[in-house]
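# quick one: sequence plus predicted model below, questions after.
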Amino acid sequence: MTQTASASQLFLGLISGTSADGIDAALVRFADDATGTHCELVHGRTYAWPEALRSRLIALGQGASIESIDEFATLDVRLGEHFADAALRLAAEAGVLPAQVHALGSHGQTVRHRPSGAAFDGIHPFTLQLGDAHVIAERTGITTVADFRRRDVAAGGHGAPLLPALHNALLHSPHEDRAVLNLGGIANFTLLPRVGDVRGFDTGPANALLDAWCARHTGQAFDAGGAFAAQGACDDALLRRLLDEPWFALPPPKSTGREVFHLDWVQARLVGGESPADVQATLLELTAASVADALRAHQPTTERVLVCGGGVHNPRLLQRIAAHLPGMQVESTAVHGVDPDFVEAMGFAWLARQALAGLPGNLPSVSGARGPRVLGVMHPRA
């Protein structure tokens, strides 16, 4: 996975995911070759959002309305400033000058994701990420590539997941069927058969619901180690009502977000009087069960599940996933030399590299787009 600095380029990746718990930033060194498959994480950090701003981002992701065009535009610029600050801080911590970074890829912050359009009152398919890339390029002096998802949606795709090509490059094995499971706010799979096409899709909620319910009832931003869930027991009747959500039965390509899976969605399925800890345990089981159902349906021959994202730090969640998948090895991507906390940020560094090289960033077999597309819009350094 590594190579000498003399034959390499530095790229920087930025993303704030569905959980909106902070900006993940990764400085990545790529081999200077045509494939871009040889890379190493030079430095990675997560920078927290100011709490008031994070609360607003979560509210928007769950369907709250923008109050005015002024608020929308101001928020776009504010987020751009925070992304730029994260990039500069990361470079400084790594002892790298901005001029040494070939380019950075910024995912931004998704505030609405509706790629199926017609399923939502007939509106046009769209996905929307904020974080003004013009501001990032000006503040950092680094060529910035952003707005990666909308070209895929315009081509009939879901604009997600976008990282299966990188997962394939880093974690494919010719000896066994593998699946990469990203446990972010939403869970998604990349299916890596030893032979055959790479596939990928969202499976449903992960940390987004767990964090939100935990915050409401404990005041803590997340359920550290699954301790709150461990205080309760799964409510089987509630779990069945949650799994009855029609979205779970949709075939791939499929993607989702807080627009579907939010606390009001949970509340509508409660009968009243449930213990908050029991609900937390049930939401954890919902993630484990929906992940396992999806894998059994689409790659039952999987031998190894490689986990990344924030959920990798929840041992109770990993135990429940493993319990639902007997005969499959469930382990962190760290076992294979890939830092589970920064896979996504590394992916947007890779997507920036793809864009500058004029190479596709999507996989139509994953997103459902009409064909391969170069993703992202370039904002050159001054």
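Sure, I can see it. Numbering: from 1, shown residues only.
# any idea of the pLDDT on Gly63?
pLDDT, Gly63: 81.
# got it, and Arg114?
88.
# so Leu41, which of the three states?
Per DSSP: H, G, I helix; E, B strand; the rest coil, the secondary structure class of Leu41 is strand.
# renumber starting at 69 from here on
Done: numbering now begins at 69, and the last item shifts to Leu109.
# count of neighbours near it?
Using other Cβ atoms under 10 Å, the number of residues around Leu109 comes to 21. In short, each C-beta sits where N, CA and C put it, glycine included.
# go on, the one 5 residues further on?
Residues within reach of Thr114, counting by other Cβ under 10 Å, total 16.
# what about it, which SS state?
What three-state DSSP gives for Thr114 is strand.
# hmm, Ala94 and it touching each other?
No - with contact defined as Cβ atoms under 8 Å, Thr114 does not reach Ala94; the gap is 9.9 Å.
# what ranges do the helices span in this protein?
According to DSSP state H, the chain carries its helices in the segments 119-129, 137-161, 201-208, 217-222, 232-239, 275-286, 295-298, 304-311, 331-335, 344-366, 383-392, 411-424, 432-435.
# give me the phi and psi for the closest residue to Gly253 other than its chain neighbours.
Closest residue in space to Gly253, ignoring its immediate chain neighbours: Thr86 at 2.6 Å, by Cβ to Cβ, 6 or more residues apart in numbering. When read as degrees, to the nearest 10, the backbone of Thr86 gives phi -60, psi -30.
# distance of Thr86 relative to Glu135?
To Glu135, Thr86 is 22 Å away according to Cβ to Cβ, to the nearest Å.
# again with Arg421
38 Å.
# in terms of neighbours, single out the busier of the two.
More crowded of Arg421 and Glu135, by other Cβ under 10 Å: Arg421, with 22 against 8.
# check contacts around that one.
Arg421 makes contact with 77, 79, 98, 104, 170-171, 173 under the criterion Cβ atoms under 8 Å, 6 or more residues apart in numbering.
# most neighbours among those, which one?
Gly173 (32 neighbours).
# show me the contacts for that one.
Applying Cβ under 8 Å, 6+ apart to Gly173 gives the contacts 79-82, 212-214, 216, 416-421, 423, 444.
# which one is it nearest to, not counting chain neighbours?
Excluding the flanking residues, the one nearest Gly173 by Cβ to Cβ, 6+ apart is Ala420, at 3.1 Å.
# distance check, that neighbour against Ala228.
Note on Ala420: its distance to Ala228, by Cβ to Cβ, is 17 Å.
# between these two, which is the more surrounded one?
Neighbours around Ala420 and Ala228, counted as other Cβ under 10 Å, are more numerous at Ala420. The numbers are 31 against 27.
# identify the residues contacting the more buried one.
Per Cβ under 8 Å, 6+ apart, neighbours of Ala420: 79-81, 171-173, 213, 444.
# farthest-apart pair in these, please.
Greatest spacing in these, by Cβ to Cβ: Leu80 and Gly444 (13.8 Å).
# comparing these two, which residue is more hemmed in?
Comparing Leu80 with Gly444 by other Cβ under 10 Å, the one with more neighbours is Leu80, at 32 against 26.
# my read: that one touches Ala159, true?
Yes - contact status for Leu80 versus Ala159: in contact at 7.1 Å, counting by Cβ under 8 Å.
# lowest confidence element among the helices and strands of this structure?
With mean pLDDT, DSSP states H and E as the measure, the helix or strand of the chain carrying the lowest mean pLDDT is helix 119-129 (a mean of 91).
# flag every buried residue along that one.
Using 16 or more other Cβ atoms under 10 Å as the test for burial, helix 119-129 gives 121-122, 124-126, 128-129.
# can I get that helix in CSV, CA atoms only?
Backbone C-alpha positions of helix 119-129 (Å, rounded to 0.1, in the frame of the first residue of the first chain) are rendered in CSV as follows:
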residue,chain,number,x,y,z
GLU,A,119,-22.4,22.5,18.7
ALA,A,120,-25.0,25.0,17.5
LEU,A,121,-23.9,24.5,13.9
ARG,A,122,-24.0,20.8,14.2
SER,A,123,-27.5,20.9,15.6
ARG,A,124,-28.6,23.0,12.6
LEU,A,125,-27.0,20.6,10.2
ILE,A,126,-28.8,17.6,11.8
ALA,A,127,-32.1,19.4,11.7
LEU,A,128,-31.7,20.2,8.0
GLY,A,129,-30.8,16.6,7.3
